[in-house]
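>>> pasting a predicted model and its sequence here:
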Amino acid sequence: MCGIVGYIGNKKATPILLDGLLSLEYRGYDSAGIATIENDVIKVMKDKGRVKNLENLDGIHDLIGTVGIAHTRWATHGKPCRENSHPHMDNSNTFAVVHNGIIENYIELKEFLISKGYTFLSQTDTEVIPNLIHYYYTNGPVSVLKDSLEKFLGSVKSAVNDLKGSYAIEVISPICPNEVIVVRKDSPLVIGKGGGENYIASDIPAILKYTKEFYLLDDNEFAVISKDIVKFYDSSLTEHSKPIKNIEWDSNAADKCGYEDYMLKEIFEQPTAIRETIGSRFRLGEKCSFDDIDISKEYLKSINNIYIVACGTAMHAGLVGKTLIENLCKIPTTVDIASEFRYRDPIIDEHTLCIYISQSGETADTIAALKLAKSKGAKTLAISNVIGSSITREADYTIYTHAGPEIAVASTKAYTSQVALIAILAMYFAEILGSSDEKTILDLKTDMIDLPTKIEKILDNVEPIKEFAQKIYTEKDMFFLGRNMDYNVALEGSLKLKEISYIHSEAYAAGELKHGPIALIENGVTVIGIITNPNLVEKSISNLQEVITRGAKTLVITNQILTNSHFDYVINIPETNPLLSPILSIIPMQLLSYYISKFKGLDVDKPRNLAKSVTVE
Ligand code: M6R
């Protein structure tokens, strides 16, 4: 939620800031703005709407400052309008601030500042920050001997001490025109190291084209960034050094590479993403291994139960993970939504392993749920796609999907990579525990290796899916039905459709239909059935027959030969081990949602009201 960019160097900051904002727009797209320093004056240009609007503002390309900060907003406090757009300034125009996160006590702080004579132009929580910095700069316990940078940093620290909530903040001021000060807590911020210039961003991909060397700022850590040097300070402003991380991602990974939309590109990247996620984690005839973790048999034997906790699509990957773990490792596993888990006092102790799945690694609820489990003595394992993301820094163990940057708001390649990774993790645990026979694991490994080619096969034949999308894109309601893992994947198919096509849809366990939802089935309603489990074919067909009898139009995604059925459309997908089938059966549903959204003329990559990374509760 909200994207932040910053630049300091010898070049004009504006083009770099605009470019960074464009790549960060998936984090929020209600409004955008930039601030640069020119001749000891802060120049701010901002407006509601997309970054394209900002780019077209009169005079924006005349800004010549070589230091600047920028922001693209996902509105929380105050509607999208120019006044509420970032950057925000203090009353004396001495400090400009951009902020990602939520200041929970802003009303109290605002009242305090108003009592001191400050006035406010916006409804945002953020505007208290520059004014607090100004307050401390002018009223703080500052020795006359202190130089202005020390005083500036001290004032930012004093202001931040008053904030409750989450924040990634950039501050500039003509008092120190050659520095940008940043600080974060529970919101991501990275610093990219260049030669004689430095970059700042919420996410690595935004500045990947400029550098592959990154500092990952920690919670409650400050950085003072000039063009040649970055200095780090802890929460009491004691300076320390920080290692640099080399990020291997190809900078093309953050481009559309000729595809119309990121989502389509990312759907087509799934064969590579699965290959990379498998990587060298197993070979036929060898046991699974992870470079990143080493878990002992004693520890696994001491585990009574596993929780998988996540949000949205990542939670749906967790549902598939539950079946994989229970099937292969025989450890009872519960899947929970992070925002529920964190507030319901779950029964966990040192004999519980809690697995957290998050593509971004920055989802506020998932991180809070992880911290809760740690406080109760459980070991925590993070599955993330973003190296060094917040969740990976909190967890006891981390394993990465290697899907490459996922830019489209609708998650696709992250989901299939997460499922693949949990399958490898389940096999790894099973091999340590000896809880599954060797043949079962060997068969699963063989099928996993074949998955990328099978995905390619589905992607080679998108026309029937596109045709079906054209027939149904004007509908208002749809249903997805499946049993067991086919139900898990139905939930993900339904979420995909909702978020990018705005068509209301529900996913049901096929056997549950008769307990109420079947009342919604009427003439012409579209029902999408998923049938991949050979043991459940007949039962699933019967459930779909019940909706056909009531006038439903049916599309079935299957890897089985369906005889005596009366479906309107059938999409055949390659067969695989039933435990892996979600990795294949989700692909037609991703494509269907994509094409429906295109036929409706919607912005596939930036659906309304959403943002890629949900860093607020
Ligand atoms: O970054 P995360 O995996 O933690 O994100 C979790 C959800 O916000 C995310 O999967 C969301 O549901 C997607 N937009 C779904 O496509």
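Nice, I can see it. Numbering: from 1, shown residues only.
>>> grab the nearest non-local neighbour of the residue in the chain that the ligand sits nearest to.
Closest to the ligand within the chain is residue 312: 1.9 Å, counting by CB to the nearest ligand atom. Glycine gets a C-beta too; all of them are placed from N, C-alpha and C. Leaving aside its chain neighbours, residue 312 sits nearest to residue 495 (6.7 Å; criterion: CB to CB, 6 or more residues apart in numbering).
>>> surely the residue of the chain closest to the ligand meets residue 411?
Yes. Contact between residue 312 and residue 411 holds when scored by CB atoms under 8 Å: they sit 7.2 Å apart.
>>> so between the two, which is more surrounded?
Shown here are residue 312 and residue 411; by other CB atoms under 10 Å, residue 411 has more neighbours (28 against 22).
>>> which SS class is the more buried one?
Using DSSP: H, G, I helix; E, B strand; the rest coil as the criterion, the local structure at residue 411 reads coil.
>>> rewinding a little: quick check: phi and psi at the residue of the chain closest to the ligand.
Note on residue 312: its backbone torsions stand at phi 50, psi -130 [degrees, to the nearest 10].
>>> how about the residues of the stretch 451-600 of the chain by the ligand?
Residues of the stretch 451-600 of the chain found near the ligand (CB under 6 Å from any ligand atom) are 495, 499.
>>> excluding sequence neighbours, find me the nearest residue to the spatially most central residue of the chain.
Centrality entry for the chain: nearest residue to the mean C-alpha point is residue 360, 3.5 Å, by CA atoms, centre = their mean. Counting by CB to CB, 6+ apart, residue 360 lies nearest to residue 613, which is 4.3 Å off, once chain neighbours are set aside.
>>> again, but for residue 313
Sequence neighbours aside, residue 411 is the residue nearest to residue 313 in space, at 4.1 Å (criterion: CB to CB, 6+ apart).
>>> next up, the contacts around that neighbour.
Applying CB atoms under 8 Å, 6 or more residues apart in numbering to residue 411 gives the contacts 312, 313, 314, 359.
>>> equivalent analysis for residue 562, please.
Residue 562 is in contact with 531, 537, 541, 556, 570, counting by CB under 8 Å, 6+ apart.
>>> what do you get if the cut-off is 7 Å, keeping everything else the same?
If a contact means CB atoms under 7 Å, 6 or more residues apart in numbering, then residue 562 has 531, 541, 556, 570 as its contacts.
>>> of those, buried ones?
Among these, those classed as buried by 16 or more other CB atoms under 10 Å are 531, 541, 556.
>>> now, these that are in helices?
residue 541 (DSSP state H).
>>> please name whichever of the buried ones among the contacts of residue 562 scores lowest on pLDDT.
Lowest pLDDT within these is found at residue 541 (92).
>>> near the ligand, which residues of the protein show up?
Contact residues, the chain versus the ligand (CB under 6 Å from any ligand atom): 311-314, 358-360, 363, 366, 409-411, 495, 499, 613-614.
>>> please redo it, this time with the cut-off set to 5 Å
Residues of the chain lying close to the ligand by CB under 5 Å from any ligand atom are 311, 312, 313, 314, 358, 359, 360, 363, 410, 411, 614.
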